[in-house]
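A.B. asks: give me coordinates for this.
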Amino acid sequence: MHDVVRRTALSGRSQSSHDKVARCLGYFSIALGVAELVAPGAICRAAGIRGLEPIVRGYGAREIATGVAILNSHDPEPWIWARVAGDLADVAIVAAGVQQDNRSRSRSAVALATLAAVTLVDLACANGLNSEKGNRKTATRDYAGRSGFPQGLRAARGAARDFQVPDDMKTPELLRPWDDAKGGRHT
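C.D. replies: Just a heads-up that it's a prediction; the model follows:
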């Protein structure tokens with residue numbers, strides 16, 4: 001029987017669909033982070049929030065760091081979960097922007113809907129990566145075909161029959177069992 005623990009990591013890069021989505025999310029994070037660093041005012045206006053440019057710049061640095069980590073990591077799952085946490089922080093800032101200004105509520109609503117969609121993609125990717133990887137509950141291995149013998153079990157059978165015990169490894173005479181057929185002498 002074959003090993004049922006799924007292997008998604010091939011030499012080089014993994015090829016599962018969730019790994020490909022994670023890679024795309026890594027590039028998206030870097031692009032969004034650069035936009036937030038370079039033009040925080042435009043991002044704030046588009047989201048319907050004002051006066052939060054320094055926070056948006058900080059979020060840009062977070063996005064770039066997360067994107068680089070996703071692209072350079074053999075296991076992107078924790079970094080995708082970091083994206084989910086970042087999405088929640090973004091939602092909190094935009095939701096605060098809704099309270100700020102009645103004129104930009106429509107922009108904030110569109111921004112919240114966009115953030116919700118991105119969060120759903122991040123969640124789906126993180127859950128997919130987690131299910132592929134397996135964990136204590138899903139990871140099982142089948143060792144039925146293993147014997148522990150280098151040449152296999154067949155080669156090991158009967159090998160001890162031909163083994164001659166050296167004299168210095170034999171049981172001392174006083175500790176050997178009695179043989180009544182030999183007149184009470186040790187065997």
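A.B. asks: excluding its backbone neighbours, what's nearest residue 42?
C.D. replies: The shortest distance from residue 42 to any non-neighbouring residue, by Cβ to Cβ, 6 or more residues apart in numbering, is to residue 35 (7.9 Å). (Each C-beta comes from the backbone N, C-alpha and C, glycine too.)
A.B. asks: go on, residue 89?
C.D. replies: Nearest non-adjacent residue to residue 89 (Cβ to Cβ, 6+ apart): residue 59, at 7.1 Å.
A.B. asks: again, but for residue 30
C.D. replies: residue 67 (3.7 Å).
A.B. asks: the one you found reaches residue 27, doesn't it?
C.D. replies: Yes. Checked against Cβ atoms under 8 Å, the pair residue 67 and residue 27 is within contact range at 6.7 Å.
A.B. asks: when those two are compared, which one has more neighbours?
C.D. replies: Between residue 67 and residue 27, counted using other Cβ atoms under 10 Å, the more crowded position is residue 67 (22 against 12).
A.B. asks: could you list the low-confidence segments of this protein?
C.D. replies: 1-15, 99-102, 133-142, 159-163, 165, 167-168, 180-187 (pLDDT under 70).
A.B. asks: quick check: longest helix of it.
C.D. replies: helix 105-133 (DSSP state H).
A.B. asks: which elements pack onto that one?
C.D. replies: helix 17-38, helix 40-47, helix 77-100 (3 or more Cβ pairs under 8 Å, 6 or more residues apart in numbering; DSSP states H and E).
A.B. asks: ok, the residue nearest to residue 89 to residue 75 distance?
C.D. replies: Using Cβ to Cβ, to the nearest Å, one gets 24 Å for the distance from residue 59 to residue 75.
A.B. asks: quick one: which of those two has more around it?
C.D. replies: Each of residue 59 and residue 75 has its neighbours counted (other Cβ under 10 Å); residue 59 has more, 21 against 14.
A.B. asks: before we move on, the earlier item: now the angle from the longest helix of the chain to helix 17-38?
C.D. replies: Inter-element angle recorded for helix 105-133 and helix 17-38: 140 degrees (by axes from the mean of the first three to the mean of the last three Cα atoms, to 10 degrees).
A.B. asks: only the buried residues of helix 105-133, if you could.
C.D. replies: 107-108, 111-112, 115, 118-119, 121-122, 125-126, 128-130, 132-133 (16 or more other Cβ atoms under 10 Å).
A.B. asks: among the residues you listed, which pair sits farthest apart?
C.D. replies: Maximum pairwise distance in those, criterion Cβ to Cβ, is 38.9 Å, between 107 and 133.
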